[in-house]
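K.L.:
Here is the input, now give the coordinates:
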Amino acid sequence: MIDTQSFLYSRADGVLEWHGFSSSIPIKLLDYIGGLVAIDGLQADPVPEPATLFLLGSGLAGLGGMAWRRHRRKS
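P.N.:
Model prediction:
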């Protein structure tokens, strides 16, 4: 867990209050507990899992090997 924050919206006029945050640590999950939640301007950069990067690298290495063998057969 990176952090826990609680906010009590006390405005009766319906105006939203800004409680922003940012993190340099990748966030995997956000839990919202309560009746009403408003999100504005959410920016997310997906972080690939290590297994995904391994599969991508293996596939690229395989394609490179196939191209090298094809080039070698032609010469």
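K.L.:
Find the helix or strand that the most centrally placed residue in the chain is a member of.
P.N.:
The chain has P46 as the residue nearest its centroid, 2.6 Å off, counting by C-alpha atoms, centre = their mean. Per DSSP states H and E, P46 falls between elements, in no helix or strand.
K.L.:
can you check R73 too?
P.N.:
Secondary structure (DSSP H and E) places R73 in helix 50-74.
K.L.:
tell me which residues in that helix are buried?
P.N.:
Judged by neighbour count (16 or more other C-beta atoms under 10 Å), helix 50-74 contains no buried residues. Every C-beta, even on glycine, is put in place using the N, C-alpha and C of the backbone.
K.L.:
Give the rounded mean pLDDT of that helix.
P.N.:
Confidence for helix 50-74, expressed as mean pLDDT, is 79.
K.L.:
so how far is it from its chain's centroid?
P.N.:
Taking C-alpha atoms, centre = their mean, to the nearest Å, one finds helix 50-74 lying 27 Å from the centre of the chain it belongs to.
K.L.:
what's the burial count for Y9?
P.N.:
13 (other C-beta atoms under 10 Å).
K.L.:
Excluding sequence neighbours, find me the nearest residue to it.
P.N.:
Closest residue to Y9 apart from its sequence neighbours, by C-beta to C-beta, 6 or more residues apart in numbering: E17 at 6.0 Å.
K.L.:
and the one you found, what is it in contact with?
P.N.:
E17 makes contact with 7, 9, 11, according to C-beta atoms under 8 Å, 6 or more residues apart in numbering.
K.L.:
how about the last one, secondary structure?
P.N.:
If I follow you right, that is R11. Assigned with DSSP: H, G, I helix; E, B strand; the rest coil, R11 falls in the coil class.
K.L.:
So the closest residue to it other than its chain neighbours: helix, strand or coil?
P.N.:
Excluding its sequence neighbours, the residue lying closest to R11 (C-beta to C-beta, 6+ apart) is E17, at 6.4 Å. The three-state label given to E17 by three-state DSSP is coil.
K.L.:
Next, E17: phi, psi?
P.N.:
Note on E17: its backbone torsions stand at phi -100, psi 140 [degrees, to the nearest 10].
K.L.:
Can you give me the pLDDT of it?
P.N.:
In this model, E17 carries a pLDDT of 72.
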